[in-house]
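Novice: Requesting a structural model of the entry that follows:
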Amino acid sequence: MSATKADFYVSPAGRDTWSGALPAPKSDGSDGPFRTVAGAQKAVRALRAKADRPVTVLIRGGRYRLSRPLVFTREDSGTAEAPVTYAAYGNERPAFSGGRAITGWTEGKNGVWTADLPAGQAGKWAFNQLFVNGKRAIRARHPNEGYLRTAGLPPGVKSPHGVPRDHKTCGVMRFRPGDIKRFHNLEDVNILLYHAWTASLHWIDKLDPRRHTVSFTAPSGWPLGTWEAEQRYVIENCLEALDMPGEWYLDRQAGRVYYLPLPGEDPNQSDIVAPVLEQLLVFRGNPDKEQYVQHVHLQGLTFEHADWQVAGRGRADGQAAVWLSGAVFGRGMLNCSLEGCEIGHVGQYAVWLEQGCRDNVIRQCECHDMGAGGVKIGEAATVTEAKLATAHNTVDNCYLHDGGNAFPAGVGVLVLRSSSNCVTHNEICDFYYTGVSVGWSWGYAPSSANQNVVEYNHIHHIGQGVLSDMGGIYTLGISPGTRLRYNLIHDVESYSYGGWGLYPDEGSTHMLLENNICVRCKTGGFHQHYGRENTIQNNIFADATLMNVSRTREEAHASFTFERNIVYCTNPTVLGGSWKNNNYRMERNLYWNAQGAKLEFSGLTFAQWQSEGRDLESVVADPLFVDPEHDDFRLKKGSPALKLGFHPIATEKIGLYGAKEWVERPRA
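Specialist: Residues are numbered from 1 along each chain as shown. Just a heads-up that it's a prediction; the model follows:
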């Protein structure tokens, strides 16, 4: 945003008693900009009550401390012809912070510094994050690297399978002698317990040092030991674990913060911020009464420092960390936008467009350092009234990175029971679970996640060996009209099973997956658990570690059509899973092993595979990529793939677009 002319202005040097009509205070102090957005909102409402015309508020650079979220309601709305815009002034960068600075640090033993919270805050300000000089500090944890392991199944549980999901199976953990003690403020210590595709967060209710068990205040979603007999876990917010530079600890009861600085870091010369808010920006419509916030546009603004909390220390577990909200939250939000904004250092999702949000745009925004995921669209429950539906939203040209810092199951973009959304031209990276997840129905029940488009995204470094059963793009349920195309996905690394590029999971049906490139995905570029009549065409699947293409469940109907794909192997196992019932169609594919080894098709040679009527028009041949070792998958002239009808995949439009500085931001 480069404009400097507006109807009203906001500045850290302003006053809400002034007119707000000037970008800077007068020299005599008689007039100037507003001090707060709330002051500007009152003026905008008054102006629009007189005339239905566009209104622009420009906000000067600086940090604005929020004691409550910025809230836009129906009264703040504009119209299509006369929108309301809140934007950065010129090239300045206004930042709205939900945190408070912690000052007055004193050095103590072993290089640990402490600071007391303001009077009256002891026991009340129970924040879970700390940010030092613009970076997330580490809650004191043990071990510093890697994991502890549980000591087998909970007492009295012989098997975790086929048992009730109750406190006995999901709420009691056995630990190895010496790993857990009666730590200082034990009730504030957290255990982060890793399952397959989730990681559950727990508080300790009871410690039995004799039996080496802890009982949690709330259970996990899965019985302990379901995925591993000796599960991984870490201990967090533990004073005794404060032993590594960059770690911190909050003694909630004493109202004291501990911090072990990084080398050369002086806490009294540092910007140390702890959040007081969970939400920073709220679009508060009332879709039940068809009262919406409409045509409000935010440009070039930064929102930072928001916390996560778990009410009553209850259950904190679930696929995709779906139970968490967002630092930017919308309900009943129509035709609004965030453009060129930054959302970072937050505890939950960066953005959640919840009930009744339609035709909104999130464009060229950077969401980073998130406790969970980037953008969450829709709800987990099916909406039965059109006025409550969330649909037709766009996430475009955004850089979403470094998520899952408190809840590893967070997703880059999570589309729940919501239709006709577009996720396009984004760069999504450095998450511990999935890049983009679409749909929230298991099996073949009717779904309200249809006609979604995921295209031209660059998705990479997903999983990072932390969780399992994930994909660069993951789908669920019947999804007619959903299209996944022109996505570049690479470096998907699961902890154990299931690091896939394209992953249609339970019931994924009637989808088109085409023109994608999936490279270095641990368990294969493509895997369909079960689904019906999907089309997988003109994709490149390359350099998988364990296998390349998988199909898990055999069903009576057709699973998919797999045609005109290039499967470029660096291991001999082309196909994993179940391929016996022939309820799929495969043709005109090209297979090649870059290591020169013979390829194996579900236990058969290629000739044997074809002799059973499969892949009759397919070939084993070198596709003649330009430079596959450096991820250049353009085809040389004369590639045999072209004779099969393969259409070259143009990568120039994949990922971010616009100014060079923006496009190269991830590389910087």
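Novice: Surely residue 80 is in a helix?
Specialist: No: assessed with DSSP: H, G, I helix; E, B strand; the rest coil, residue 80 is coil; it does not lie in a helix.
Novice: Just give the nearest non-adjacent residue to it, would you?
Specialist: Excluding its sequence neighbours, the residue lying closest to residue 80 (CB to CB, 6 or more residues apart in numbering) is residue 295, at 6.1 Å. C-betas here are computed from N, CA, C, even on glycine.
Novice: Looking at that neighbour now. What's its pLDDT?
Specialist: We have a pLDDT of 98 for residue 295.
Novice: wait, it sits on residue 74?
Specialist: No: counting by CB atoms under 8 Å, residue 295 does not reach residue 74; the two are 11.4 Å apart.
Novice: Settle it for me: which of these two has more neighbours?
Specialist: Neighbours were counted for residue 295 and for residue 74 using other CB atoms under 10 Å; residue 295 has more, 21 against 16.
Novice: Where does pLDDT dip in the stretch 151-300 of the chain?
Specialist: Across the stretch 151-300 of the chain, no stretch falls below the confidence threshold (pLDDT under 70).
Novice: Can you show me the helices along it?
Specialist: Listed in chain order, the helices of the stretch 151-300 of the chain (DSSP state H, counting those that start in this stretch) span 167-170.
Novice: can you pull out the strands in it?
Specialist: Along the stretch 151-300 of the chain, counting by DSSP state E, counting those that start in this stretch, strands occupy 172-174, 190-194, 199-208, 213-216, 232-236, 247-251, 256-259, 272-275, 281-284, 293-294, 296-299.
Novice: neighbours around residue 24, how many?
Specialist: Neighbour count of residue 24, defined by other CB under 10 Å: 13.
Novice: who touches it in this structure?
Specialist: 11, 13, 32, 33, 60 (CB atoms under 8 Å, 6 or more residues apart in numbering).
Novice: Check which helix or strand residue 58 maps to.
Specialist: strand 55-59 (DSSP states H and E).
Novice: which other helices and strands contact that strand?
Specialist: For strand 55-59, the packing partners by 3 or more CB pairs under 8 Å, 6 or more residues apart in numbering; DSSP states H and E come out as strand 8-10, helix 37-50, strand 84-88.
Novice: tell me the domain boundaries of this structure?
Specialist: Domain ranges of the chain: 1-50, 101-273, per automatic domain parsing.
Novice: I'd like the average pLDDT over the shortest one.
Specialist: Mean pLDDT, taken over the full extent of domain 1-50, equals 96.
Novice: One more: stretch 478-488?
Specialist: Mean predicted confidence for stretch 478-488 is 98.
Novice: Which residues belonging to that stretch are considered buried?
Specialist: Applying a neighbour-count criterion of 16 or more other CB atoms under 10 Å, one finds 478, 479, 482, 483, 484, 485, 486, 487, 488 buried in stretch 478-488.
Novice: Stretch 432-444 too?
Specialist: Across stretch 432-444, burial judged by 16+ other CB under 10 Å covers 432, 433, 434, 435, 436, 437, 438, 439, 440, 441, 444.
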